[in-house]
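*Asks:* sequence unavailable; structure follows:
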């Protein structure tokens, strides 16, 4: 199940008292209806969180790097009060954490130790420290000497070198400016959510959105990124992750105003942007250390960030199809916040992320090239289609009847990448043998 409900509601689902709600296209939504009785068919409760939608991962709540899960959870309501403040805080924390890690990576080729210090696991830990106010954010950056004090003196010296780098200082100046705009916009949204006058509320939300677009223009400065040709793939990804978070904040402003068609459009475009950016950085991987950094993070982006964004978008589309009676029922439903114990269970950054276990297993069974290509297959449907077609054709040539198009359609990206790598190696081997035979025949004449 994609969603987690309170224990009381979950028991009711299992007993048949409540039934999960699905969109017209069969996508699970974050609420349940009464199954029967005087309230039969009416909405009964919202979910309290997102569960993992990937069968290969451990059962856990979604914990995206950039997305705010609360957005998807309450897509059937206008944002008000604490839910808005929670979503704003989650986005602000994510941007500050992701932005701060660029001070370790730098903008040039990052050393191995730097990538290890800000990999997925470390980034989740740092974000958790920011959430719990153990680390202070200043101008969108953190005191990394404090955050990474246990990582060794060599890394701290590297951070100091990055801080003196001319190219990074240019990046940092722009990011400080952009984060200032972003943070002021979020503060304005917080104020807007408290206003009772609808007109004034919408005016404040629109003004805040304009500020977010200004911040986005700084983070999404393609000219700066293109001029700095030496920017490393990890630094590029971190910059883009900040862009994704701000895009979500912009979508949130439209949802606060009940403009769900705009929400859906922004989220569809965001999904495409994330996939495009992921393909770009994966295609640029050259070193094993970069694959160590990227594989867990890209896998998490797919299984967590995109899952949350797609769920949010499905809610936005579904909400537009509801009649006035259903809308009124949704407005009257209370939001159930998870208790402290449930919050710990949903907090995935307390333990080693399962993406690492998956990656370790993949390394034992697959070549690095196949592991990298599996990320391209995962994030790009066209690449998957091309790889499946190639494997299916080669399977027919080799007489491997089990590798049918139907079976390949449900195969994991890593399985397809392994098969593709196997056939490519065989083809290259045949070509080498043919060239050797031709050379031998030529020498004999």
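*Replies:* Yep, that arrived. Quantities reported herein were computed from a predicted structural model and do not represent experimental measurements.
*Asks:* any weak-confidence spans in the stretch 201-350 of the chain?
*Replies:* Scanning the stretch 201-350 of the chain for pLDDT under 70 picks out 223-230, 335-350.
*Asks:* tell me where it has helices.
*Replies:* 222-227, 233-256, 260-283, 288-300, 306-319, 324-332, 340-346 (DSSP state H, counting those that start in this stretch).
*Asks:* to residue 48, which of the ones you listed lies closest?
*Replies:* helix 340-346 (6.8 Å; CB to CB). C-beta here means a position set from N, CA and C on the backbone, and glycine is covered the same way.
*Asks:* now the element after the closest one, going C-ward?
*Replies:* helix 354-365 (DSSP states H and E).
*Asks:* got the buried residues for that next one?
*Replies:* 354, 355, 356, 358, 359, 362 (16 or more other CB atoms under 10 Å).
*Asks:* biggest separation within those, which pair?
*Replies:* 354 and 362, at 12.5 Å, using CB to CB across the buried residues of helix 354-365.
*Asks:* can you give me the angle the helix or strand hosting residue 99 makes with helix 288-300?
*Replies:* Assessed by DSSP H and E, residue 99 sits inside helix 81-105. Orientation check (axes from the mean of the first three to the mean of the last three CA atoms, to 10 degrees): helix 81-105 against helix 288-300 gives 170 degrees.
*Asks:* what's helix 81-105 packed up against?
*Replies:* Contacts defined by 3 or more CB pairs under 8 Å, 6 or more residues apart in numbering; DSSP states H and E place helix 81-105 against helix 69-73, helix 112-117, helix 120-131, strand 141-142, helix 144-147, helix 153-164, helix 166-192, helix 233-256.
*Asks:* from the middle of its chain, how far away would that helix be?
*Replies:* Relative to its chain's centre, helix 81-105 lies at 13 Å (CA atoms, centre = their mean, to the nearest Å).
*Asks:* do stretch 243-254 as well
*Replies:* 13 Å.
*Asks:* one more: stretch 197-206?
*Replies:* From the chain centre to the centre of stretch 197-206 is a distance of 30 Å (CA atoms, centre = their mean).
*Asks:* not counting it itself, show me its contacts.
*Replies:* Identification of contacts with stretch 197-206 by CB atoms under 8 Å, 6 or more residues apart in numbering yields 188, 189, 191, 192, 193, 195, 253, 256, 257.
*Asks:* any idea how far the third one is from residue 206?
*Replies:* Right, residue 191. 13 Å (CB to CB, to the nearest Å).
*Asks:* kindly report the same for the fifth one.
*Replies:* Residue 193 sits 14 Å away from residue 206 when distances are taken as CB to CB.
*Asks:* neighbour count: those two, which is higher?
*Replies:* Shown here are residue 193 and residue 206; by other CB atoms under 10 Å, residue 193 has more neighbours (21 against 13).
*Asks:* so that one sits against residue 256, correct?
*Replies:* Yes: the pair residue 193 and residue 256 qualifies as a contact (CB atoms under 8 Å) at a distance of 7.2 Å.
*Asks:* the longest strand seen in the chain to helix 324-332, inter-axis angle?
*Replies:* For the chain, the longest strand by residue count, based on DSSP state E, is strand 28-34. Following the same axes, to 10 degrees, one obtains 100 degrees for the angle between strand 28-34 and helix 324-332.
*Asks:* may I have the strands that pair with strand 28-34, each with its orientation?
*Replies:* Applying DSSP bridges, strand 28-34 is found paired with strand 18-22 (antiparallel), strand 43-46 (antiparallel).
*Asks:* what's that strand in contact with?
*Replies:* 1-3, 5, 9, 12-13, 17-23, 40-47, 50, 72-76, 311, 314-315, 318, 330, 333.
*Asks:* which of the residues you listed are buried, as a PyMOL select command?
*Replies:* The PyMOL selection below is limited to those of the contacts of strand 28-34 classed as buried (16+ other CB under 10 Å):
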select buried, resi 2+3+5+9+12+13+18+19+20+21+43+44+45+46+47+50+72+73+74+75+76+311+314+315+318+330+333
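*Asks:* tell me the first helix or strand C-terminal of the helix or strand hosting residue 369.
*Replies:* Using DSSP H and E, residue 369 maps to helix 368-379. Using DSSP H and E, the helix or strand that follows helix 368-379 in sequence is helix 381-398.
*Asks:* so which bits of the next helix or strand after that next one are buried?
*Replies:* The helix or strand immediately downstream of helix 381-398 is helix 405-409, counting by DSSP H and E. Using 16+ other CB under 10 Å as the test for burial, helix 405-409 gives residue 408.
*Asks:* next one: phi and psi at residue 137?
*Replies:* When read as degrees, to the nearest 10, the backbone of residue 137 gives phi -90, psi 130.
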